[in-house]
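1. 3D model of this:
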Amino acid sequence: MADQAGVSTDADDSGRVSLMNDPKARGLVFQVLLIIAVIAMVYSGISNAVDNLARAGIASGFGFFSERAGFDVGQSFIPYTNDSTYLRAFFVGLLNTMVVAVIGIFFATTIGFIVGLARLSKNYLVQKFATVYVETLRNIPLLLQLLFWYKAVLSILPSPRESAQEAGVEIAFSINNRGMYLPRLVPEDGSSLIFYAAALALVAWFMIGRWARKRQIDTGKQFPVFLTGLGVFIVLPLLAFLISGRPVSIEYASLQGFNMVGGWVIQPEFMALLLGLSLYTASFIAEIVRAGILAVSHGQTEAAFALGIKPNVTSRLVIVPQAMRVIIPPLTSQFLNLTKNSSLAVAIGYPDLVSIFGGTVLNQTGQAVEVISITMLVYLTLSLLTSAFMNWFNSSVALVER
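-> Residues are numbered from 1 along each chain as shown. Okay, here's the model as predicted:
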């Protein structure tokens, strides 16, 4: 049949489809155009910001990092003085934020798991106490809880003179409105051997765990990994301590004038922030744990009991491992929330990243764009790293279908 004149087709004589009629090619063109538009908007915004800052006489750039900070910080885990640079102050705030976030995640997870299990307890008092804890703390704003711990609990503690019985006497433990004072280990020459031994013990603990897991898969026999690893972690540094001639001394706090001197002090701002973040986040984690355990079929528990497995062993080796695949995804969100909520530390005077860098440094330098952008980038990076680690951990405990 002859082709009809004036009729067009989507394909040429060779049978190839026009690029404009190809969905993949058309989608690729639109994506490229969108990327170009976004880049143009970002470039235009940055150019306008730079021009406006120059017109207003406000300095821009990151040269301020090398300038002298000129202010003190109440708590720092690295050496810092008012003669340090703004870059040093940035790392002080970053480390303070990371320390409270990591310790807070540990305590929140521990408390949350305990309270979550208590919510499922058959003991009436334990169950009701856990319910009251969850329903109370998770329904009170975190900022109010931080102010409660700082103003209503820690600030009304006795003064250092009232907490110490006599001036000049060394005290092993003391808590007052200036903080909690504990003995401090002072390393001396040769103490590095102890830290190397501790690192070696951690590696040995990890290797023992891998060997025990392989042994259990091959033979079905369990090995006390935790107790063995803990014993190695205690014995090796202790032997290094004795062999190297006990190169560690203990410094105690004592009352000198109106304040305590010496020892290791935990600031009340740190304690209030840690208590508030841990207890508040734990109330949400408890509900996540409870929901994860209830998601496991009750037949798993009945099967374990039918095999003669004790209830505590059933919970630890049968129920909780299966519940973890349900617990971990929402648990990641709580870890991220705790890290970001640590920025509320500015309300109680704890020198975190927002307080030091986003507050004092910004006010002294006036470079708001750079300071706020870096602060947001830091929290974004911490969140992405936390998510990446939890995704890896989630994949390691997920059920593998055969």
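2. where does the chain have low pLDDT?
-> Low-confidence regions of the chain, defined by pLDDT under 70, span residues 1-20, 56-60, 164-170, 398-402.
3. all helices for it, in order.
-> When secondary structure is read from DSSP state H, the chain shows helices at 23-55, 86-119, 124-137, 142-147, 160-163, 192-219, 225-243, 268-294, 298-306, 311-314, 320-341, 353-355, 362-365, 368-397.
4. those helices into CSV, with extra columns for distance to residue 67 and mean neighbour count?
-> Heads up, the C-betas are built off the backbone N, CA and C, glycines and all. Converted to CSV, the helices of the chain look like this (distance: least, C-beta to C-beta, whole Å; neighbours: other C-beta atoms under 10 Å):
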stretch, distance to residue 67, mean neighbour count
helix 23-55, 18, 11
helix 86-119, 6, 20
helix 124-137, 43, 14
helix 142-147, 32, 17
helix 160-163, 36, 16
helix 192-219, 35, 14
helix 225-243, 42, 15
helix 268-294, 27, 23
helix 298-306, 62, 13
helix 311-314, 59, 12
helix 320-341, 29, 18
helix 353-355, 19, 24
helix 362-365, 8, 16
helix 368-397, 13, 14
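5. in JSON lines: those helices, plus distance to residue 252.
-> Below are the helices of the chain laid out as JSON lines (distance: least, C-beta to C-beta, whole Å):
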{"stretch": "helix 23-55", "distance to residue 252": "53"}
{"stretch": "helix 86-119", "distance to residue 252": "24"}
{"stretch": "helix 124-137", "distance to residue 252": "36"}
{"stretch": "helix 142-147", "distance to residue 252": "31"}
{"stretch": "helix 160-163", "distance to residue 252": "14"}
{"stretch": "helix 192-219", "distance to residue 252": "20"}
{"stretch": "helix 225-243", "distance to residue 252": "19"}
{"stretch": "helix 268-294", "distance to residue 252": "20"}
{"stretch": "helix 298-306", "distance to residue 252": "50"}
{"stretch": "helix 311-314", "distance to residue 252": "40"}
{"stretch": "helix 320-341", "distance to residue 252": "33"}
{"stretch": "helix 353-355", "distance to residue 252": "31"}
{"stretch": "helix 362-365", "distance to residue 252": "38"}
{"stretch": "helix 368-397", "distance to residue 252": "36"}
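6. out of those helices, nearest to residue 249?
-> Ranking the helices of the chain by their distance to residue 249 (criterion: C-beta to C-beta) puts helix 225-243 first, at 11.9 Å.
7. and that closest one, how far from the chain's centre?
-> Taking C-alpha atoms, centre = their mean, to the nearest Å, one finds helix 225-243 lying 28 Å from the centre of the chain it belongs to.
8. next one: residue 137 from residue 284, what distance?
-> With the distance defined as C-beta to C-beta, to the nearest Å, residue 137 ends up 9 Å from residue 284.
9. same question but for residue 38, I mixed them up
-> From residue 38 over to residue 284 the distance is 35 Å, taken as C-beta to C-beta.
10. mind listing residues that contact stretch 216-232?
-> Taking C-beta atoms under 8 Å, 6 or more residues apart in numbering as the criterion, the residues outside stretch 216-232 that touch it are 201, 204, 205, 208, 209, 211, 212, 215.
11. quick one, what contacts residue 82?
-> If a contact means C-beta under 8 Å, 6+ apart, then residue 82 has 68, 69, 70, 71, 72 as its contacts.
12. just list whatever residues bridge to the first one.
-> This points to residue 68. The residues listed as beta-bridge partners of residue 68 by DSSP bridges are residue 85.
13. residue contacts, it?
-> Taking C-beta under 8 Å, 6+ apart, one finds 82, 83, 84, 85 in contact with residue 68.
14. of the contacts of residue 82, closest to residue 392?
-> When those are compared for distance to residue 392 (C-beta to C-beta), residue 69 wins out at 37.4 Å.
15. restricting to C-alpha, output stretch 131-138 in PDB.
-> Only the C-alpha atoms of stretch 131-138 are listed here, as PDB (Å, rounded to 0.1, in the frame of the first residue of the first chain):
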ATOM      1  CA  THR A 131       4.100   5.000  82.000                       C
ATOM      2  CA  VAL A 132       4.200   8.100  84.200                       C
ATOM      3  CA  TYR A 133       7.800   8.800  83.300                       C
ATOM      4  CA  VAL A 134       7.100   8.600  79.500                       C
ATOM      5  CA  GLU A 135       3.800  10.500  79.600                       C
ATOM      6  CA  THR A 136       5.200  13.300  81.800                       C
ATOM      7  CA  LEU A 137       8.600  14.000  80.200                       C
ATOM      8  CA  ARG A 138       7.700  13.800  76.600                       C
END
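16. cool, thanks, signing off.
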